[in-house]
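S.K.: mind looking at a prediction? Sequence and model below.
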Amino acid sequence: MYSHGKITAAMKAAFPYTIPIFAGFWFLGITYGVYMQVSGFSFWYPMLMSLTIFGGSLEFVAVSMLLSAFAPVQTLVVALMLQARHLFYGIAMLDKFKGTGWKKVYLIFGMCDESFSINCSAEIPTGIDRGWFMFFVTLFNQIYWVTGATLGGLLGALIPFNTEGLDFAMTAMFVVIFLDQWRKEKGHAASLIGLGASLVCLLIFGADNFLLPAMACILAFLTLLRRHAGEEGN
């Protein structure tokens, strides 16, 4: 059993690490909520989707999926491809999640890029319970996203304003992620493969149908690249 003092101490230790996430999550969350509202959905949709999905890029894409024809297989494939990086995050966190008890279930569900980054690299102060620290990092980050999305849904309904170009927020977010990844890469082969495959598939299949072929091509090329690198290493 954990004392109330240990839980409170872990919460106080975790909170400062999440403050930078707050600004980004609130801005994107509000944008997402407004985007859902102007797309014809009440504030319940962004609130419940942020509670249950908690995957920013996937939630933005889900808006167009909800407005399109029923396509469960395509939705499943897109969701898996967009969030596939979490498989690798999970492998990296296997040791850190050991011994966290029931909190492990929530830590797995709530692991996003930002929570992974903090929980993976943070120097937890001496005497602070590791499991509760990671739990509160994850909880605070989800609270920021859920409240931002809900507020955006409410504001979109109550305050009339020009929302032209608002859906570009998702594109901007992916551009920022790409540029950050480009900056951190030693070589740019993977990024160039992604750009090239997407451009070719866009020209061949058109804007409405290029996503899945592009993802399949990227996966195939990266697999070949990885296999080639392994053979050279031998």
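M.R.: Thanks, I have it. Residues are numbered from 1 along each chain as shown.

S.K.: residues near P213, how many?
M.R.: When neighbours are defined as other Cβ atoms under 10 Å, P213 has 16 of them. For glycine as for every other residue, the C-beta is placed from the backbone atoms N, C-alpha and C.

S.K.: shouldn't it be in contact with G206?
M.R.: No. At 10.4 Å, P213 does not count as touching G206 under the criterion of Cβ atoms under 8 Å.

S.K.: for G153, list the residues it contacts.
M.R.: Shown in contact with G153 (Cβ atoms under 8 Å, 6 or more residues apart in numbering): 33-34, 36-37, 41-47.

S.K.: where does the closest residue to H86 other than its chain neighbours land in three-state SS?
M.R.: If you skip the residues right next to it in sequence, H86 has M111 as its closest partner in space, 6.3 Å away by Cβ to Cβ, 6 or more residues apart in numbering. The assignment at M111 comes out as coil when based on DSSP: H, G, I helix; E, B strand; the rest coil.

S.K.: tell me which element C217 falls in.
M.R.: Element membership of C217, judged by DSSP states H and E, is helix 211-233.

S.K.: now that helix: buried residues?
M.R.: Using 16 or more other Cβ atoms under 10 Å as the test for burial, helix 211-233 gives 211, 213-215, 217-218, 221.

S.K.: for it, give me every contacting residue.
M.R.: 74, 77-78, 81, 189-190, 193-194, 197-198, 200-202, 204-205.

S.K.: repeat for stretch 109-124
M.R.: 13, 17-18, 21, 24-25, 54-56, 85-86, 89-90, 92-93, 96, 107, 130, 133-134, 137-139, 141-142.

S.K.: that older thread, closest to S68 out of the contacts of G153?
M.R.: Ranked by distance to S68 (Cβ to Cβ), the contacts of G153 are led by F41 at 13.9 Å.

S.K.: contacting residues for the closest one?
M.R.: Neighbouring residues of F41 by Cβ under 8 Å, 6+ apart: 63, 66, 153.
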